[in-house]
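**Student:** Could you look at this predicted model? Sequence included:
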Amino acid sequence: MHPVEFVGQTQIVSKDQDEYRDLPARMDNGIMTCCWGMNWRQRIVAVFTGRIYVEVLLCDRKLQPMRLNTKNPHPRYRSHV
């Protein structure tokens with residue numbers, strides 16, 4: 001999977017940091033939203049297994065609440081893909 005730009009994003013996290021991939025994101029009321037794209041193989045695997053694994057780099061910090069979604073969670077931008 002790879003991060004992708006999306007309608008409603010407000011910034012690029014880790015921009016110009018060689019050790020990290022640029023992460024288009026929207027920061028709003030303490031919530032960061034980002035969007036990820038899949039290549040064809042990943043799409044097929046997800047369709048057949050119904051699963052996506054999430055890895056979070058905690059860096060020895062506590063895990064924060066998180067959720068996955070298939071739609072843009074910001075109502076103003078939901079109609080855009």
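**Tutor:** Structure received. Residues are numbered from 1 along each chain as shown.
**Student:** What separation do you get for V45 and G37?
**Tutor:** V45 is 14 Å from G37, where distance means CB to CB, to the nearest Å. From N, CA and C alone the C-beta is placed, and that goes for glycine too.
**Student:** ranges for the strands of the chain?
**Tutor:** Using DSSP state E, the strands of the chain run over residues 2-4, 11-13, 23-28, 31-37.
**Student:** just the helices in this protein please.
**Tutor:** Using DSSP state H, the helices of the chain run over residues 40-49.
**Student:** remind me which residues of it are low pLDDT?
**Tutor:** Low-confidence segments of the chain (pLDDT under 70): 75, 77-81.
**Student:** Apply 80 and report the result again.
**Tutor:** For the chain, the stretches with pLDDT under 80 are 74-81.
**Student:** since we're on M38, how many residues are nearby?
**Tutor:** 14 (other CB atoms under 10 Å).
**Student:** contacting residues around the residue lying closest to it once chain neighbours are set aside?
**Tutor:** Closest residue in space to M38, ignoring its immediate chain neighbours: M1 at 5.5 Å, by CB to CB, 6 or more residues apart in numbering. By CB atoms under 8 Å, 6 or more residues apart in numbering, the contact list for M1 reads W36, G37, M38, Q42.
**Student:** which one of the strands of the chain is the most hemmed in?
**Tutor:** Neighbour counts (mean count of other CB atoms under 10 Å) averaged over each of the strands of the chain peak at strand 23-28, with a mean of 17.
**Student:** elements contacting that strand?
**Tutor:** When contacts are defined as 3 or more CB pairs under 8 Å, 6 or more residues apart in numbering; DSSP states H and E, strand 23-28 packs onto strand 2-4, strand 11-13, strand 31-37.
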